[in-house]
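J.: next one to model:
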Amino acid sequence: MASHTHVNEARAGTETGATPATGTPEAPGPTGVAPPARGDDRLQRLARRNLWMHFTRMGSYDEEHEVPVIVRGEGCYVYDEHGKRYLDGLSALYCVNVGHGRKELGEAAARQAEQLGFYTNWSYAHPPAIELAARVAELAPGNLNRVFFTSGGSEAVESAWKLAKAYHRARGEMNRHKLISRKLAYHGVSMGALAATGLQPLREPFEPLTPGGVHVPNTNSYRWSEERDPLWAADAIEEAIEFEGADTVAAVILEPVQNGGGCFTPQDGYFQRVREICDRHGVLLISDEVICSWGRLGHWFGSERYGYEPDIITTAKGISSAYAPLGAVIAGDHVAEPFLHDKASFAHGFTFGGHPVACAVGLANIDIMERERLGEHVLANEGAFREMLESLRDLPIVGDVRGAGYFHAIELVKDKETKDTFDSAESEVLLRGFLSGELYRRGLICRTDDRGDPIVQLSPPLIAGPEQFEEIEAVLRPVLTEASERMERWSSQSKA
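T.: Sure, this is the predicted structure:
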């Protein structure tokens, strides 16, 4: 597997010696204008000296290579310190679902801060948490009526695993502690969530991890033989449960569409088979919808799109459109039941889980989504979005296009006929040496990644439409064309 790339690192384009702000002159394109040569020296100096960015090669930035500084946003666009506009094709990180610059979300936060800036959910409640929990329960599928708030996605996954273990223990099944997830899946980076994450470059630096993580194949049928049973990846979960011992497995955690590896969608009947397997072995099914909920796939929850009812949903990101940090575990009544009587409790919590300001923002965010019918908007426009991406298949470097709703990826290959992929050295040249920096330079923020095979990933705000799709295509096509030509030259030079 090639080395890991994260969006922040990818934007820098540092291996070419040119950051987005100080590279070659701005190419003609649908967004932005050529920025000045330098940004705010004070901000740059402080950023390099004091700000430790996440998943970022900090050594990439020096006096000659600027830190990209985003200062404001409006709709589907953000602006850097130079005033250059970028189409936010990643919704910041799959989370600004209603778009940037929504004043009413800031106003909701201000009103709540003025009335009650903070009080804990540890043995106390406050109106925003109560109202949001009821609103989420109303929208969630089936009997998922109990909402446990967190500050974000990793905390939600961590909490869900702890809840699964505590649930089984409360029922007298003391050995059930293991969590089955898929290879290449990203479920977060706290120590428990990291045990579920199936990305070895993220895991290895922090081993030994929380024990109990078990990994099974994902649903990337692009890499399967044609003869393979379409539900073999689901059946592999049952094989893992039986191998580990069903009485040791607490839960299976799966994303409706898997982020890591590039938007792997399930085969028809996959989740129905998994539900049957979990029920047969008394294992809880956790639907990790940190990305796939709140309209990203055209529904309130991604599990609705694929017709399955989990025991637990984890969510974050789009629940507040990231205007305030907020996540949640949504549990079925049957999962919560052992903790609702006598002296029982779920001995777990976070200081800022259910923060009143964040919950007020979450309520206002749902109001916007309902009023503007953003889920319906996604379903009405996902065909055009997909058609635009499919049109790029004529390029030699485009091997596969996959995803659902406003959550898609393009897999890049050396040879379309053989599906031959790029190795680690080639990925370094392709992604960090050219592609990520050039896309940013031309005014498009998306994700280039090689956790697995190299991909370009797109997840625009839910308010995006045909105008934005045209802008994305106008950047992707020439950049991918040039990337293909560059890799052919690089390969020829390497062989010489």
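J.: may I see the buried residues of stretch 296-311?
T.: 296-306, 308-311 (16 or more other Cβ atoms under 10 Å). C-beta here means a position set from N, CA and C on the backbone, and glycine is covered the same way.
J.: I'd like the distance from that stretch to the chain centre, please.
T.: Computed by Cα atoms, centre = their mean, to the nearest Å, the chain-centroid distance of stretch 296-311 equals 16 Å.
J.: okay, buried residues for stretch 52-65 please.
T.: Neighbour counts over stretch 52-65 (16+ other Cβ under 10 Å) mark 53, 56-57, 60-61, 65 as buried.
J.: can you tell me the SS state at residue 348?
T.: coil (DSSP: H, G, I helix; E, B strand; the rest coil).
J.: rewinding a little: of all the buried residues of stretch 52-65, which comes closest to residue 355?
T.: Minimum distance to residue 355 across those is 23.9 Å, recorded for residue 53 (Cβ to Cβ).
J.: report the separation between residue 305 and residue 458.
T.: Per Cβ to Cβ, to the nearest Å, residue 305 is found 18 Å from residue 458.
J.: go on, residue 210?
T.: Going from residue 210 to residue 458 by Cβ to Cβ gives 33 Å.
J.: higher neighbour count, these two?
T.: Higher neighbour count among residue 210 and residue 458: residue 458, with 26 against 16, using other Cβ atoms under 10 Å.
J.: bridged to the more buried one, which residues?
T.: According to DSSP bridges, the residues that bridge with residue 458 are residue 408.
J.: any idea of the pLDDT on it?
T.: Per-residue confidence (pLDDT) for residue 458: 98.
J.: for it, what are its contacts?
T.: Shown in contact with residue 458 (Cβ atoms under 8 Å, 6 or more residues apart in numbering): 89-90, 389, 408-410, 446-447, 472.
J.: most centrally placed residue in the chain?
T.: With distances taken as Cα atoms, centre = their mean, residue 291 lies nearest the centre of the chain, 4.7 Å away.
J.: just give the nearest non-adjacent residue to that one, would you?
T.: residue 94 (4.5 Å; Cβ to Cβ, 6 or more residues apart in numbering).
J.: contact partners for that neighbour?
T.: Contacts of residue 94 (Cβ under 8 Å, 6+ apart): 259, 291, 296, 317-318, 407, 459.
J.: pick out the most distant pair among those residues.
T.: Longest span within those, Cβ to Cβ: 259 and 318, 13.3 Å.
J.: overlap in contacts of these two?
T.: Here residue 259 and residue 318 share the contacting residues 94, 291, scored by Cβ under 8 Å, 6+ apart.
J.: ok, those two, which is more surrounded?
T.: residue 318 (30 against 24).
J.: what separates that one from residue 49, distance-wise?
T.: Applying Cβ to Cβ to residue 318 and residue 49 gives a distance of 34 Å.
J.: what helix or strand does residue 87 sit in?
T.: Element membership for residue 87, per DSSP states H and E: strand 85-88.
J.: what about the protein, any weak spots by pLDDT?
T.: Residues of the chain meeting the criterion pLDDT under 70: 1-39, 495-496.
J.: one more time with 50, if that's ok
T.: 1-37 (pLDDT under 50).
J.: how is it partitioned into domains?
T.: 7-88+373-495, 103-372 (automatic domain parsing).
J.: what is the end-to-end distance of the last one?
T.: Terminal residues of domain 103-372 lie 15 Å apart, using Cα to Cα, to the nearest Å.
J.: for the stretch 51-200 of the chain, which segments count as strands?
T.: 70-74, 77-80, 85-88, 144-150, 178-182 (DSSP state E, counting those that start in this stretch).
J.: return the most buried member of these.
T.: Among the strands of the stretch 51-200 of the chain, the stretch with the highest mean neighbour count (mean count of other Cβ atoms under 10 Å) is strand 178-182, at a mean of 26.
J.: quick one: secondary structure of residue 251?
T.: Under the three-state scheme (three-state DSSP), residue 251 adopts strand.
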